[in-house]
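Enquirer: Have a look at this fold, sequence not included:
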């Protein structure tokens with residue numbers, strides 16, 4: 001093994017996958033609590049909020065992974081991993097808040113948006129710098 005492998009973003013990716021799986025398990029527990037068999041996705045508001053909170057996490061997951069990996073490879077692995085951890089914390093805040101009341105999801109939602117913006121800016125900066133360096137021999141950073 002070489003030391004240049006992106007171990008930190010790989011670790012955060014694994015943690016995020018486990019977190020998403022745990023959210024799915026919580027949807028399963030909610031199904032059992034309210035006696036809602038798949039494929040039904042309607043029921044008491046508590047179940048519907050739990051289901052939607054997980055679905056929203058699934059919908060954003062690919063965006064998160066792409067910008068975290070690109071920012072980690074092209075900009076800075078440590079900062080990308082930290083941004084990924086902030087994203088996971090924000091997703092958990094979002095999930096817990098949404099289960100209790102839809103308005104309570106907002107602090108987590110804003111934290112997730114900040115993490116994604118941070119990762120996206122780093123990814124863009126890294127790609128631009130790499131492009132300039134590789135194809136135009138211009139080194140800005």
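Expert: Great, that's in hand. Model, not experiment: these values are computed from the prediction. Residues are numbered from 1 along each chain as shown.

Enquirer: centroid residue for the chain?
Expert: Taking C-alpha atoms, centre = their mean as the criterion, residue 64 is the residue nearest the geometric centre of the chain, at 4.5 Å.

Enquirer: Setting the sequence-adjacent residues aside, check what's closest to that one.
Expert: residue 87 (5.6 Å; C-beta to C-beta, 6 or more residues apart in numbering). Placement of C-beta: from N, CA and C, glycine included.

Enquirer: what element comes up after the one helix or strand the one you found maps to heading to the C-terminus?
Expert: Element membership of residue 87 [criterion: DSSP states H and E] is helix 77-100. Downstream of helix 77-100, the first helix or strand assigned by DSSP H and E is helix 106-136.

Enquirer: Quick one: list the elements packing against that following helix.
Expert: helix 45-74, helix 77-100 (3 or more C-beta pairs under 8 Å, 6 or more residues apart in numbering; DSSP states H and E).

Enquirer: Against which helices or strands is the first one packed?
Expert: Spelled out, that is helix 45-74. By 3+ C-beta pairs under 8 Å, 6+ apart, helix 45-74 packs against helix 7-34, helix 77-100, helix 106-136.

Enquirer: Could you look over those and pick the most buried one?
Expert: helix 77-100 (a mean of 20; mean count of other C-beta atoms under 10 Å).

Enquirer: helices and strands around that one, which ones?
Expert: In terms of contacts (3+ C-beta pairs under 8 Å, 6+ apart), helix 77-100 is packed against helix 7-34, helix 45-74, helix 106-136.

Enquirer: and the angle from the first one to helix 45-74?
Expert: This points to helix 7-34. Angle, helix 7-34 to helix 45-74, by axes from the mean of the first three to the mean of the last three C-alpha atoms, to 10 degrees: 170 degrees.
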